[in-house]
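*Asks:* no sequence on this one, just coordinates:
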Ligand SMILES: Nc1ncnc2c1ncn2[C@@H]1O[C@H](COP(=O)(O)OP(=O)(O)OP(=O)(O)O)[C@@H](O)[C@H]1O
């Protein structure tokens, strides 16, 4: 079952591009990564899903319901952590959390206290006196205290130190095991690679690909490095599927996607001294998407 279903969603800000024709689905129980550089359109997509802004065209469903029409219903089952958290600075953390919990019918106190312990949050402080990282922790507790069915995270780790990041990830994995579906937006590949099952890559407002992380890494791409005394990149530049081609001294390297035999035949024509064929890491694959689509 699809928990999120996005169909040709477009949002323009006057003449400026927001997102164009964005479509993808997130299945129940998935941890789904949404990745792209700053300004690619991640927040615009998420804010449309949450009905914080309205789409110019296209539509999206959450739990099978239109996300604009049924926004208040849907909101009860969503935990959302925005990329930037703003609060009434004069409030005490404990009051803010109680206020947040009051929006839900169920009693959230037990889970709220657990989360406060896990994130080592001092609830006696005023929001105003908190560091950026501690404000983020408030957002995390606030987003998870009602044990939502769907957790939407927009760049959630900025400001958290590595220990807290790890705790937060453990928390997400725990929620996911209990049945929560997670949409995790980030521009940091490493964290998406660690946490997510599938990923949608967005560039300049458009989805470039939706793939399993394991597929991205293992099946389709090879990183090939060749050492040869007399060779230029001309030998490979015209082969379809060759990307990120670079030459440094006697070393030629590139990422290859396609029928490996075409490259092997080319290599057989060259006098080589060494060869390495490796799995590229996500960062290199990602670069390929960004360069080849230009
Ligand atoms: N309120 C707005 N008015 C005009 N343009 C906007 C507005 N909000 C976003 N945009 C534009 O829409 C595009 C997508 O921005 P968006 O914030 O969705 O990207 P993002 O991938 O979330 O990046 P970031 O991580 O920097 O937030 C950008 O070109 C941005 O300038």
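*Replies:* Great, that's in hand. Owing to the predicted nature of the structure, the values given are computational and were not obtained by experimental measurement.
*Asks:* Could you point out which residue ranges in this structure have low pLDDT?
*Replies:* Scanning the chain for pLDDT under 70 picks out 87-88, 217-220, 233, 281-283, 288-294.
*Asks:* Relative to the whole chain's centre, how far out is the helix ranked longest in it?
*Replies:* Secondary structure of the chain per DSSP state H: the longest helix is helix 162-177. With Cα atoms, centre = their mean, to the nearest Å as the basis, helix 162-177 stands 15 Å off its chain's centre.
*Asks:* Same question for stretch 256-267.
*Replies:* On Cα atoms, centre = their mean, the centre of stretch 256-267 falls 31 Å from that of its chain.
*Asks:* still on that earlier bit, each with direction, which strands does the helix or strand following the longest helix of the chain pair with?
*Replies:* Toward the C-terminal end, the helix or strand that comes next after helix 162-177 (DSSP states H and E) is strand 181-186. Strand 181-186 has the following sheet partners, assigned by DSSP bridges: strand 31-35 (parallel), strand 150-154 (parallel).
*Asks:* Does the ligand have contacts with strand 181-186?
*Replies:* No - contact between strand 181-186 and the ligand, assessed by Cβ under 6 Å from any ligand atom, is absent, since the two come no nearer than 7.0 Å. Any C-beta I mention is one placed from the backbone N, CA and C, and that applies to glycine too.
*Asks:* got the contact list for that strand?
*Replies:* Around strand 181-186, the neighbours that count as contacts under Cβ atoms under 8 Å, 6 or more residues apart in numbering are 3-4, 26-35, 42-43, 46, 49, 83, 149-157, 172, 175-176, 191-192, 195-196.
*Asks:* Now narrow those residues to whatever sits close to the ligand.
*Replies:* Applying Cβ under 6 Å from any ligand atom to the contacts of strand 181-186, one finds that 42-43, 83, 155 fall near the ligand.
*Asks:* Mind picking the one among these that's closest to residue 257?
*Replies:* When these are compared for distance to residue 257 (Cβ to Cβ), residue 42 comes out closest, at 24.8 Å.
*Asks:* Residue 109 is nearest to which of the strands paired with strand 181-186?
*Replies:* Closest approach to residue 109 among the strands paired with strand 181-186 is made by strand 150-154 (19.8 Å; Cβ to Cβ).
*Asks:* can you list the residues that contact that closest one?
*Replies:* Taking Cβ under 8 Å, 6+ apart as the criterion, the residues outside strand 150-154 that touch it are 3-4, 42-43, 46, 49-50, 62-63, 77-83, 143-144, 172, 175, 180-185.
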